[in-house]
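*Asks:* Below: sequence and its predicted model.
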Amino acid sequence: MTAWQPAAAAALDALALAVLVVDRQGHILHANREAAELLERPEGALSSQPSGGGCLCARSAEGRSRLHALIQAACDGRSGEAGGFLHLEGRGAEEPGVSVCVSPLDTAEAPGRAVVVARLLRAQGRIEVQLRTLFGLTRAEAQVGAALARGSALAEIAGELGISVTTARTHVARIFLKTGTRQQSQLVALVAAFQLPVACAAAEAAPVPARVARCGSA
């Protein structure tokens, strides 16, 4: 193991994206922390089959076939077929789907490998942390902002958070003021642009004033 490999593994573990390296048969050669957690979800769209020697697979038959085909194409490096995208549904009604990207891992030392990147299709709690630190939102404002970014309606947000619609409207007004947006669609676009796929260790991070967090702004 070279000196940089532990650091590279630690860097992958810091991502809020599941990253796996697999061979042509789908055997998992490496999985970062997010990938391990994703594969452990009982009703999740992806799993690791112990009976198959730790092979990556989709839980649905159709998804399993399509994922396997993408992995084989990526490992073989077939022209025009080397990798692709896939959407897999979760098994339970409350289980979010997964967005998957399969790409060739082109290294002379390890030919015939593919990298699989996956992400749950739902807003994570880390969005609230990023909203607080980037724009100086309070915890309550960040909760409302994250819900708005998911496309939830105001009455629905108020019900989920146990607050009145009037209070929710007050939070929304402050969110728009602090983020420089005027409507929900603008906030959704802003969150999509600013959101980083990193696992925030400081879940209880204190809000940082927007003028400090938004470097380069006047």
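*Replies:* Thanks, I have it.
*Asks:* Distance from the chain centre to the helix or strand harbouring residue 71, please.
*Replies:* Residue 71 is part of helix 61-76, with elements assigned from DSSP states H and E. The gap between where helix 61-76 is centred and where its chain is centred comes out at 21 Å by CA atoms, centre = their mean, to the nearest Å.
*Asks:* One more: stretch 141-157?
*Replies:* Averaging C-alpha positions (CA atoms, centre = their mean) puts stretch 141-157 18 Å from its chain's average.
*Asks:* what mean pLDDT does that stretch have?
*Replies:* For stretch 141-157, the mean pLDDT works out to 91.
*Asks:* can you tell me the distance between the two ends of that stretch?
*Replies:* This stretch, stretch 141-157, spans 11 Å end to end (CA to CA, to the nearest Å).
*Asks:* So for it, what gets flagged as buried?
*Replies:* 141-149, 152, 154, 157 (16 or more other CB atoms under 10 Å). In this view, the C-beta of every residue, glycine as well, is placed from N, C-alpha and C.
*Asks:* swap in stretch 16-30?
*Replies:* Across stretch 16-30, burial judged by 16+ other CB under 10 Å covers 16-23, 26-28.
*Asks:* do stretch 40-55 as well
*Replies:* Buried residues in stretch 40-55 (16+ other CB under 10 Å): 41, 44-48, 55.
*Asks:* what's in contact with it?
*Replies:* The contact list for stretch 40-55, computed with CB atoms under 8 Å, 6 or more residues apart in numbering, reads 18, 22, 25-28, 38-39, 56-60, 63, 88-92, 94-95, 97-98, 100, 118.
*Asks:* and with 7 Å instead?
*Replies:* Residues external to stretch 40-55 that are found in contact with it (CB atoms under 7 Å, 6 or more residues apart in numbering): 25-28, 38-39, 56-59, 63, 88-92, 95, 97-98, 118.
*Asks:* out of these, which are inside helices?
*Replies:* Judged by DSSP state H, those include 38-39, 63 as members of helices.
*Asks:* hang on, the earlier thing: so can I have CSV of the buried residues of stretch 40-55 showing pLDDT?
*Replies:* Shown next, in CSV, are the buried residues of stretch 40-55 (pLDDT from 0 to 100):
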residue, pLDDT
41, 91
44, 92
45, 93
46, 94
47, 93
48, 91
55, 92
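*Asks:* Could you point out the member of those residues that lies closest to residue 177?
*Replies:* residue 41 (37.8 Å; CB to CB).
*Asks:* Now do the closest one against residue 118, distance only.
*Replies:* Separation of residue 41 from residue 118 (CB to CB, to the nearest Å): 11 Å.
*Asks:* same deal with residue 182?
*Replies:* From residue 182 to residue 118 the distance is 34 Å (CB to CB).
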